[in-house]
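1. Generate coordinates for the sequence data below:
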Amino acid sequence: MLARRNKAKPETAKDNGTNRAELLLDWYDRHRRRLSWRALPGEQSDPYRVWLSEIMLQQTTVKAVGPYFEKFIARWPSVADLGAASLDDVLRMWAGLGYYSRARNLHACAVSVLRDHGGAFPNTEEALRALPGVGPYTAAAIAAIAFGRRAMPVDGNVERVVSRLFAVEEALPKAKPRIQELAATLLGPSRAGDSAQALMDLGSSICTPKKPACVLCPLNDGCVAQARGDQETFPRKAPKKTGALRRGAAFVVTRGNELLVRTRPEKGLLGGMTEVPNSDWLADQSDRIALKQAPALKTVSRWHRKAGVVTHVFTHFPLELVVYTTRVSARTRAPDNMRWVKIATLKDEAFPNVMRKVIVRGLDN
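-> Presented below is the predicted three-dimensional model:
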């Protein structure tokens with residue numbers, strides 16, 4: 001009787017990291033997303049576009065970023081142009097995108113690149129991390145995508161892919177170092193930037209938070225979580241800590257066709273942004289105490305409270321604002337550190353979203 005021959009086992013994604021990297025790049029070459037900041041196949045990536053998009057994409061979606069990216073590129077085509085702009089102009093252009101410390105860091109970084117690096121981004125992770133607002137992830141993304149350095153930036157999409165592929169049981173954020181280490185094994189011998197963007201695209205289009213399309217995934221043969229059937233439970237996450245609700249009052253004051261506004265301090269929440277006068281935001285804030293913090297205007301006869309409250313959720317706490325309105329005479333002067341702006345030009349002011357909600361409520365007749 002002839003001995004049964006052992007068939008050679010076909011190589012799969014789980015055999016070695018190199019093969020995973022090849023499969024990932026093959027998939028990327030066929031399915032890569034077309035994004036306005038991403039270089040076309042065969043083109044050299046522009047460090048400015050990579051940096052600008054990565055800063056904008058932090059804690060924001062690709063869909064939300066697209067129009068803002070186009071506006072910034074049209075207004076400031078290079079990092080030198082952005083570095084020469086005023087912070088006020090940058091904040092105005094950024095208004096509505098949220099997390100305004102990013103806008104301040106964006107401007108500070110552009111100024112630094114222009115002043116300290118002759119308008120050209122440094123090309124190593126270490127040098128990039130020395131720039132204002134550039135952390136480990138952003139430095140790795142620019143180094144890999146713009147300069148081809150062997151670096152692996154790990155965003156939320158990459159965390160999800162890697163945690164499922166290797167079934168990383170430790171919860172985020174403690175799992176981040178381990179996920180970073182495992183993600184690096186998916187880098188091929190070349191095309192580091194494409195490897196990183198491939199993982200990002202895979203997480204965005206295939207390895208989604210809910211109902212991932214595992215049958216279409218180029219790495220599904222080696223995915224531990226998919227083999228177990230519990231892929232949607234990854235990445236493991238520690239329970240979120242929600243801050244206590246804060247309350248306050250906002251004061252919408254009009255003088256004919258003008259609105260009373262002020263600029264928030266440069267440091268702190270919503271730093272440097274424009275707002276209508278408002279009270280402290282406190283967990284135990286009462287309407288009576290908040291109303292005492294209304295702007296001092298000699299011609300105010302009474303404040304009118306609008307029905308309901310304006311709600312907004314910040315990263316660390318939810319907020320409720322009662323809105324008070326009043327009209328003053330044409331000769332009323334703005335209090336110290338406040339100014340009048342024409343209502344017709346409010347779109348040009350750097351209002352955060354919470355203030356835009358307040359103004360809509362306050363001006364609604």
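
2. now the strands for the protein?
-> 246-255, 258-263, 274-275, 304-305, 310-313, 318-327, 338-342 (DSSP state E).

3. Any chance of a markdown table for the ones you listed, columns mean pLDDT?
-> Compiled in a markdown table, those are given as follows (pLDDT from 0 to 100):
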| stretch | mean pLDDT |
| --- | --- |
| strand 246-255 | 96 |
| strand 258-263 | 96 |
| strand 274-275 | 94 |
| strand 304-305 | 94 |
| strand 310-313 | 94 |
| strand 318-327 | 96 |
| strand 338-342 | 95 |
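
4. Adding mean neighbour count and distance to Leu24, write the ones you listed out as JSON lines.
-> The C-beta positions use only the backbone N, C-alpha and C, and glycine is treated the same way. Below are these laid out as JSON lines (neighbours: other Cβ atoms under 10 Å; distance: least, Cβ to Cβ, whole Å):
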{"stretch": "strand 246-255", "mean neighbour count": "23", "distance to Leu24": "45"}
{"stretch": "strand 258-263", "mean neighbour count": "19", "distance to Leu24": "47"}
{"stretch": "strand 274-275", "mean neighbour count": "20", "distance to Leu24": "45"}
{"stretch": "strand 304-305", "mean neighbour count": "12", "distance to Leu24": "58"}
{"stretch": "strand 310-313", "mean neighbour count": "16", "distance to Leu24": "36"}
{"stretch": "strand 318-327", "mean neighbour count": "20", "distance to Leu24": "40"}
{"stretch": "strand 338-342", "mean neighbour count": "15", "distance to Leu24": "51"}
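
5. Figure out which of these is closest to Gln226.
-> Closest approach to Gln226 among those (Cβ to Cβ): strand 310-313, 33.6 Å.

6. Would you mind pulling the contact partners of that closest one?
-> Applying Cβ atoms under 8 Å, 6 or more residues apart in numbering, the external contacts of strand 310-313 come out as Ala250, Pro318, Leu319, Glu320, Leu321, Val323, Asn353, Val354, Lys357, Val358, Arg361.

7. What sits closest to Gln180 if chain neighbours are left out?
-> Val154 (5.3 Å; Cβ to Cβ, 6 or more residues apart in numbering).

8. what's the spacing between the one you found and Leu25?
-> From Val154 over to Leu25 the distance is 18 Å, taken as Cβ to Cβ, to the nearest Å.

9. and these two? which has more neighbours close in?
-> Remark: of Val154 and Leu25, Val154 carries more neighbours, 24 against 19, as counted by other Cβ atoms under 10 Å.

10. residues in contact with the more buried one?
-> Taking Cβ under 8 Å, 6+ apart as the test, what Val154 contacts is Tyr137, Ala140, Val162, Lys176, Ile179, Gln180, Ala183.

11. same deal with Cys214?
-> Counting by Cβ under 8 Å, 6+ apart, Cys214 has contacts Ile206, Asn220, Cys223, Gln226, Gln231.

12. burial of the first one, as a residue count?
-> Right, the one you point to is Ile206. By other Cβ under 10 Å, 20 other residues sit near Ile206.

13. That one contacts Val215, correct?
-> No: the pair Ile206 / Val215 is not scored as a contact, 9.4 Å apart, by Cβ atoms under 8 Å.

14. Disregarding flanking residues, what is the spatial nearest neighbour of Thr263?
-> Thr274 is the one closest to Thr263 (Cβ to Cβ, 6+ apart), at 5.8 Å.

15. From His31, how far out is the one you found?
-> 42 Å.

16. ditto for Pro122
-> Applying Cβ to Cβ to Pro122 and His31 gives a distance of 32 Å.

17. Nearest the middle, which residue of the protein would you pick?
-> Gln58 (2.6 Å; Cα atoms, centre = their mean).

18. Which residue is the nearest non-sequential neighbour of that residue?
-> Gln58 sits nearest to Arg102 (Cβ to Cβ, 6+ apart), 6.2 Å away.

19. So the one you found sits against Leu57, correct?
-> No: in this structure, Arg102 is not within contact of Leu57 by Cβ under 8 Å, at 10.0 Å.

20. what sits up against stretch 331-342?
-> With Cβ under 8 Å, 6+ apart, stretch 331-342 has contacts from 255, 257-263, 277, 295-299, 349.

21. re the thing from before, show the contacting residues for the residue nearest to Thr263.
-> When contacts are counted by Cβ under 8 Å, 6+ apart, Thr274 touches Val261, Arg262, Thr263, Arg264, Glu349, Ala350, Phe351, Met355.

22. hang on, the last one packs against Arg264?
-> No: in this structure, Met355 is not within contact of Arg264 by Cβ under 8 Å, at 9.5 Å.

23. Overlap in contacts, these two.
-> In contact with both Met355 and Arg264: Met273, Thr274, Glu275, using Cβ under 8 Å, 6+ apart.

24. Good, wrapping up.
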